[in-house]
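> okay, structure incoming, though there's no sequence with it:
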């Protein structure tokens, strides 16, 4: 069963830590999953966590540290010595988690920690991984994998498996390589159990495999794993030599972050911001968009200066309505396009999409204008004002729907992230054009 | 390697289908993954797909159909006979995909198809699965799994595995149950290979397992699998009897849809809308929000009627700026809260969050107001107007930041989806309050 927060447990644990009683601590956490222990440590003071990690065994520490949120881990790592990190945390981690952890250390501390890792092979694996950019297949992969030679038979394969079993905790797939380490195929554990032991590997391996290059972008890796429902994906270099493997749990984070980034961008947040980031960090992500919005606002002001507003106070009061509706429609249209592009589910040409959006705009616009006309007419506005405002609303809604569809498609054509076009940008643009439309229509009808 | 669209291949395939040449078709698709075949079928006419599915073998058809997008599959299923669906498509599917497919059929066709399934056990599995709601663990799970009795030894276990191997394509984990089918633990295939064959299962099984109940919400299932990095998760009933298992690939879709739903809601789309949905369907999802936005717009108009606008045309021109900035800040603040709530990463009390947001609003507001003051002053607006507009902007930004944080938190407290509060709702609310603030400040300063 998964774990629910438990006040009493945390109290007891704090007491046990204070008394440095290993038995008590063990009794409290022995049944828990490392993810839950990580959860609990976030409720302890830094001092308590340090003592806690001094007492409990390395294996548990490493799993717990790997499960901590990045900023909580950073705080903790700062207060641990390089020896503690190398011998208690990293020693039990898989290479990808270890490399991620080392990248979070200050530069000076990194080499120190690496030099203290006792397992030479692990240290070299980690150094290898540090070369790949964070957002590439190489940055996502782990080096631990189980591979066999294509010239072996099943018996040799099982013997090798026994030999390597201690180092590799979970075996996802058995990779088959040739003498030059070039990837030839995969072997399922199931076939390893079911095939007679004298069978040659080359007769049972599955040659239809999907792999990625180490420099493949992580977003593409996520797309491939999602599309083909893969649990694990081998990573090769340009010569098709097996370099590592990526498991789906690391990619779930990428998939989720991608979906969230579009939302954030559409909300006017230029950087991935989390609620617990510092005021300064959050401001940096928000201010540029606000300033851009202000450029639009000042633009609108100068547009309005061009009209003699004092003559028609009745028209002025609908400025917010026209602006807001243009913004809302623009955001709706662009959100559909942006998600369609992200999911690769957009069908048809740009022209077809624009025709469809115009249709949707027309339907929505007619309903809204009719409702607005009725409401305004009953509120004793002059019939000229009622007509002007309703026609302007219809035009603005259609215009905003077209612009909201066109701009993200255009950006996408030029390889700019289309989500940039949504949110503040589309709202601002629609504000200015909407007001221009409104007052020109007003000039024509009211004079 | 994964597949890139290929115009020539599709042309050749269309020709081969026209000639009903199985050899040609096979030569063209034999190297392809079912996902890619599904991709290709979306480029064929319905007639061509029907002929194609008449010719190619059942196994390939079922995998291809399972990979099609829901609406494309619906079109295809409509034109297939119940016999074709039962014998060519479902016969090779895992139970979860088969149940999903049957749910997509019109009600009359469902029983007909089920009665035509030759494999009695499969039919009963499917009927079982149809009882669970779509958005529950039961709705996500498949019945195919490999289980052994806790009283067996490793040898008996491997024998059973050999026996069941034909029915179960991929073995994710070996589940261990007692004589009442109650879940006792799991066994990795690795331990099955490495343990001497006379070892008792109960001595090697892993008893620390995470499971969910069949009625657990699918969003909770996704959270658990994501949190604990699980590839497969057993589903039990209230008596802890093993009912099925959920694999991560089905849950990736849930995770993605959740993230996307928040974005859509924040963009004023009340329903999951895809770009290829009908105009009517899209309008239904969009119009309610627009009408709500209009209520706000009409509200703003009546607020403005309360002030004598003709006296101060200089103030009128900044109405769009004040409205837009309030909206932008509100959306920014609420997006962070909504994502924080969705990810369970919000820390601290409501009061603490409000204090922080006020701080962020103050910083952003001061910068924006200062810039605006400089720009307006240089544009020859009267200094009173400049001061009024800048002070109003600062107040509106702080106010919008607080409201954008508070409303989603409030909705969440009352178990309403906080994403409802973002987008059109927050923009509209901020519009009205922002204008009120603006003109009251104007009255105080300009008079």
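Okay, I see it. Computed from a prediction, not measured in an experiment: that's the story for all the values here.

> for the stretch 51-200 of chain A, which residues are neighbours of chain B?
Contacts of the stretch 51-200 of chain A with chain B, taken as CB under 8 Å from any CB of the partner chain, map to A:69, A:158, A:161-162, A:165, A:170-171, A:188-190, A:192-194. Bear in mind the C-beta positions are built from the backbone N, C-alpha and C, glycine included.

> most neighbours among those, please name it.
Neighbour counts for those (other CB atoms under 10 Å in any protein chain shown) peak at residue A:192, which has 22 neighbours.

> wait, residue A:67 sits on residue A:42?
No. With contact defined as CB atoms under 8 Å, residue A:67 does not reach residue A:42; the gap is 10.5 Å.

> any low-confidence regions in the stretch 301-447 of chain A?
For the stretch 301-447 of chain A, applying pLDDT under 70 flags the ranges A:447.

> can you name the residue of it nearest chain B?
residue A:321 (2.7 Å; CB to the nearest CB).

> roughly how far apart are that residue and residue A:399?
According to CB to CB, to the nearest Å, residue A:321 stands 15 Å off from residue A:399.

> so for those two, which sits in the more crowded spot?
residue A:321 (31 against 21).

> which element is that one on?
Per DSSP states H and E: residue A:321 is located in helix A:319-342.

> cool, and residue A:183?
With DSSP H and E as the test, residue A:183 turns up in strand A:183-187.

> ok, residue A:235 next?
Element membership for residue A:235 (DSSP H and E) is strand A:232-236.

> and stretch A:437-447, what's buried?
A:437, A:438, A:439, A:441, A:442, A:446 (16 or more other CB atoms under 10 Å in any protein chain shown).

> and the second one, helix, strand or coil?
At residue A:438, secondary structure determined by DSSP: H, G, I helix; E, B strand; the rest coil is helix.

> that one: what's it in contact with?
Applying CB atoms under 8 Å, 6 or more residues apart in numbering or on different chains, one finds that residue A:438 lies in contact with A:315, A:318, A:319, A:322, A:389, A:392, A:396.

> for burial, what's the neighbour tally of the first one?
Put plainly, it is residue A:315. Neighbours of residue A:315 (other CB under 10 Å): 24.

> without its sequence neighbours, what residue ends up closest to it?
residue A:442 (5.3 Å; CB to CB, 6 or more residues apart in numbering or on different chains).

> can you give me the angle the helix or strand harbouring that neighbour makes with helix A:319-342?
Assigned by DSSP H and E, residue A:442 belongs to helix A:424-445. Counting by axes from the mean of the first three to the mean of the last three CA atoms, to 10 degrees, helix A:424-445 points 140 degrees away from the direction of helix A:319-342.

> which stretches of the stretch 101-250 of chain A form helices?
Along the stretch 101-250 of chain A, the segments classed as helices by DSSP state H, counting those that start in this stretch run A:107-115, A:120-130, A:137-140, A:154-164, A:189-194, A:201-204, A:218-227, A:248-266.

> so which of those is the most packed in?
helix A:137-140 (a mean of 26; mean count of other CB atoms under 10 Å in any protein chain shown).

> nearest to residue A:248, of the contacts of residue A:438?
residue A:396 (45.6 Å; CB to CB).

> helices or strands up against the helix or strand the closest one falls within?
Using DSSP H and E, residue A:396 sits in helix A:383-413. When contacts are defined as 3 or more CB pairs under 8 Å, 6 or more residues apart in numbering or on different chains; DSSP states H and E, helix A:383-413 sits against helix A:313-316, helix A:319-342, helix A:350-378, helix A:424-445.

> least reliable of the helices of the stretch 101-250 of chain A by average pLDDT, please.
Across those, helix A:189-194 has the smallest mean pLDDT, namely a mean of 77.

> related to what we said a few turns ago, which of the contacts of residue A:438 ranks first by neighbour count?
Busiest of the contacts of residue A:438 [other CB under 10 Å] is residue A:396, holding 31 neighbours.

> doesn't residue A:328 make contact with that one?
No. Counting by CB under 8 Å, residue A:396 does not reach residue A:328; the two are 10.4 Å apart.

> if you drop the residues flanking it in sequence, what lies closest to residue A:122?
Per CB to CB, 6+ apart, closest to residue A:122 is residue A:95, 6.6 Å.

> repeat that for residue A:254.
Leaving aside its sequence neighbours, residue A:254 sits nearest to residue A:222 (CB to CB, 6+ apart; 4.4 Å).

> ok, the one you found - contacts?
Counted by CB under 8 Å, 6+ apart, residue A:222 has contacts A:251, A:254, A:255, A:258.

> which one of the residues you listed is nearest chain B?
residue A:255 (5.9 Å).

> sorry, back to before: avg pLDDT for the strand holding residue A:235?
Mean predicted lDDT for strand A:232-236 stands at 94.

> that one vs helix A:248-266, what angle?
Using the same axes, to 10 degrees: strand A:232-236 against helix A:248-266 is 90 degrees.
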